[in-house]
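*Asks:* Got a predicted structure here, sequence first:
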Amino acid sequence: MSTLEIEARDVIKIVLQFCKENSLHQTFQTLQNECQVSLNTVDSLETFVADINSGRWDVILPQVAQLKLPRKKLEDLYEQIVLEMIELRELDTARAILRQTQAMGFMKQEQPERYLRLEHLLVRTYFDPREAYHESSKEKRRSQIAQALASEVTVVPPSRLMALIGQSLKWQQHQGLLPPGTQFDLFRGTAAVKADEEEMYPTTLAHTIKFGKQSHPECARFSPDGQYLVSCSVDGFIEVWDYISGKLKKDLQYQADVWRIRTGQCLRRLERAHSQGVTSLSFSRDGSQLLSTSFDSTARIHGLKSGKALKEFRGHTSYVNDAIFTSDGGRVITASSDCTVKVWDVKTTDCIQTFKPPPPLKGGDVSVNSVHLFPKNSEHIVVCNKASSIYIMTLQGQVVKSFSSGKREGGDFVAACISPKGEWIYCVGEDRNIYCFSQQSGKLEHLMKAHDKDIIGVTPHPHRNLLVTYSEDSTMKIWKP
């Protein structure tokens, strides 16, 4: 993806606008002089031109003082103002502009005849417009000056600095990097998280969402900003839910296909992304790329802008069930039915590490269901295979900590997820239970029956103590502490 080029001059202009709008005149002038960058903006071009044509010099002069204008145009402007002040017999004002402004000082040095003419007009007891304007007139001169200065200035929306910061925060909120409703420390670049908001495991059923008898959810995810819960079901429907009420989001203009939520518009179709079925999808952190896995034993990175496959990771000997980017985006980690986890270099697509989680108690190798980033350490991952234990592992394959259902039979895990801060690891088992493990103690802190039929998956809310499970019993359940 091509990087966005930002000119340093434009950044300085935005800061200059902030200084101007907040009456920081000294700072404005110092920054403009030091950087040799001028803002040259007016609130309204029409008003600026109209004020010049009407001779509202008391309004124009303060604006011009903050503009960087060519010397010739500035001299023409000040000359006109001096002539009009003489005509109005405002001689002190005319004298001050003539003798104390920088533009008139240059005129005195470089065009002495033009300057002396103004001095002569100033000391006369009468004013003759024909002598002052020659073959022109006051109105024509004003119009010429207005047109000349209008070409030097631009109009930009007000408060660009605050608007850009606001847009940045909205983008971060949309990406799930900034929970809605939180205070944001702009200087440090982080959300102010309340220290007393501890992560707690769920114990209570908040809502049960029921699907049709011939349908059940195959996948569910919260949007990165936590506002929506999206499900896709075996009958091909994708639906957006209000997780607080457990009801469909009726206020959305779309409710059949989740492409762009507000409009229902398909933004990009990736043709022939894989030669066989796609098993998982995940976005890069900046949202510009999509990582997919497939029954065709590969993982691929696709550019969302181009719609093309950018990278392919080939080396597994069976289905690839899951893949994630590392937090720095430099590596991809894949989980496969060939019982291995592989770590790949994104730039070269080389496999730099292959390892297997410890075998289950009953022996033999088992399929790796999923891999998850561990929030507390960017070099650790959580690995869930079809066994009764789940592991925190390094990217070199060493086990850091293990968590077990304690069952030799019937307690294998089918899916897992991690709480946003990494305090809790949640697993769902083939016994239809939710297992809540404390990351700190390594102990099973809570166990509860979740569904009447096999559980398909589990997903956490990005910043609240909520957990969603979905099952072949045609329900999706939302759990809270």
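*Replies:* That came through, no problem.
*Asks:* in the stretch 151-300 of the chain, which spans are helices?
*Replies:* For the stretch 151-300 of the chain, the helices defined by DSSP state H, counting those that start in this stretch cover 160-174.
*Asks:* shaky segments in it?
*Replies:* The model of the stretch 151-300 of the chain has pLDDT under 70 over residues 172-197, 225, 236, 238, 248-271.
*Asks:* can we see that at 80?
*Replies:* Applying pLDDT under 80 to the stretch 151-300 of the chain flags the ranges 169-197, 218, 223-228, 230-273, 277-281, 283, 285-288.
*Asks:* residue nearest the centroid of the protein?
*Replies:* The centre of the chain sits closest to residue 171, judged by C-alpha atoms, centre = their mean, with a distance of 2.9 Å.
*Asks:* I'd like the distance between that residue and residue 10.
*Replies:* Using C-beta to C-beta, to the nearest Å, residue 171 is found at 19 Å from residue 10. Bear in mind the C-beta positions are built from the backbone N, C-alpha and C, glycine included.
*Asks:* Same question for residue 165.
*Replies:* Separation of residue 165 from residue 10 (C-beta to C-beta) stands at 15 Å.
*Asks:* and if you look at residue 32?
*Replies:* Distance of residue 32 to residue 10, computed by C-beta to C-beta: 14 Å.
*Asks:* of the two, who's got more company?
*Replies:* Set side by side, residue 32 and residue 10 show more neighbours around residue 32, with 21 against 11, by other C-beta atoms under 10 Å.
*Asks:* Adjacent strands (with direction) for the one helix or strand residue 324 maps to?
*Replies:* If you go by DSSP states H and E, residue 324 is part of strand 320-325. Here strand 320-325 is paired, per DSSP bridges, with strand 331-336 (antiparallel).
*Asks:* residues making contact with the partner strand?
*Replies:* Applying C-beta atoms under 8 Å, 6 or more residues apart in numbering, the contact partners of strand 331-336 are 291, 293, 297, 299, 301, 313, 316-326, 341-346, 352, 367-371, 381, 383-385, 395.
*Asks:* do the same with stretch 312-323
*Replies:* Outside stretch 312-323, the residues that reach it (C-beta under 8 Å, 6+ apart) are 279-280, 282, 291-295, 297-300, 332-338, 340, 342, 344, 349, 351, 354, 367-371.
*Asks:* if you set the cut-off to 7 Å instead, what comes out?
*Replies:* Where contact means C-beta atoms under 7 Å, 6 or more residues apart in numbering, the residues beyond stretch 312-323 that reach it are 279-280, 282, 291, 293-295, 297-300, 332-338, 342, 344, 349, 351, 367-371.
*Asks:* Scan the chain for its longest helix.
*Replies:* The single longest helix within the chain, with elements called by DSSP state H, is helix 71-87.
*Asks:* what's whichever helix or strand residue 145 is part of packed up against?
*Replies:* Assigned by DSSP H and E, residue 145 belongs to helix 138-150. Helix 138-150 is packed against helix 45-53, helix 71-87, with contacts defined by 3 or more C-beta pairs under 7 Å, 6 or more residues apart in numbering; DSSP states H and E.
*Asks:* got the angle for that helix vs helix 71-87?
*Replies:* Computed with axes from the mean of the first three to the mean of the last three C-alpha atoms, to 10 degrees, the direction of helix 138-150 lies at 150 degrees from that of helix 71-87.
*Asks:* Pull out the buried residues from helix 138-150.
*Replies:* Neighbour counts using 16 or more other C-beta atoms under 10 Å place 141, 142, 145, 146, 148, 149 of helix 138-150 among the buried residues.
*Asks:* helices and strands around whichever strand or helix holds residue 390, which ones?
*Replies:* Assigned by DSSP H and E, residue 390 belongs to strand 389-394. When contacts are defined as 3+ C-beta pairs under 7 Å, 6+ apart, strand 389-394 sits against strand 380-385, strand 399-404.
*Asks:* Show me the contact partners of it.
*Replies:* Under the contact criterion C-beta under 7 Å, 6+ apart, strand 389-394 has outside partners 357-358, 374, 379-384, 399-404, 413, 416, 425, 427.
*Asks:* send the alpha carbons of stretch 71-80 over as CSV?
*Replies:* Extracted C-alpha coordinates of stretch 71-80, given in CSV (Å, rounded to 0.1, in the frame of the first residue of the first chain):
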residue,chain,number,x,y,z
ARG,A,71,6.1,43.5,-1.9
LYS,A,72,4.7,45.2,-5.0
LYS,A,73,1.1,44.2,-4.1
LEU,A,74,1.7,45.4,-0.5
GLU,A,75,3.1,48.7,-1.7
ASP,A,76,0.0,49.2,-4.0
LEU,A,77,-2.3,48.5,-1.0
TYR,A,78,-0.6,50.8,1.4
GLU,A,79,-0.3,53.6,-1.3
GLN,A,80,-4.1,53.3,-1.8
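*Asks:* mind checking which of the helices and strands packed on helix 138-150 is nearest residue 434?
*Replies:* helix 45-53 (63.7 Å; C-beta to C-beta).
*Asks:* so what does that closest one touch, helix or strand wise?
*Replies:* Looks like helix 45-53 contacts helix 57-65, helix 138-150 (3+ C-beta pairs under 7 Å, 6+ apart).
*Asks:* weakest of these in terms of mean pLDDT?
*Replies:* Mean pLDDT per stretch puts helix 57-65 lowest among those, at a mean of 90.
*Asks:* could you check the distance from the most far-flung residue of the chain relative to its centre over to residue 86?
*Replies:* Ranked by distance from the centre of the chain (C-alpha atoms, centre = their mean), the top residue is residue 125, with 67.5 Å. Noted for residue 125: a distance of 11 Å to residue 86, by C-beta to C-beta.
*Asks:* again, but for residue 386
*Replies:* 95 Å.
*Asks:* Looking at those two, which one has more neighbours?
*Replies:* Using other C-beta under 10 Å as the criterion, residue 386 and residue 86 rank with residue 86 on top: 21 against 16.
*Asks:* Quick check: closest non-adjacent residue to the more buried one.
*Replies:* Nearest residue to residue 86, sequence neighbours excluded (C-beta to C-beta, 6 or more residues apart in numbering): residue 94, at 5.0 Å.
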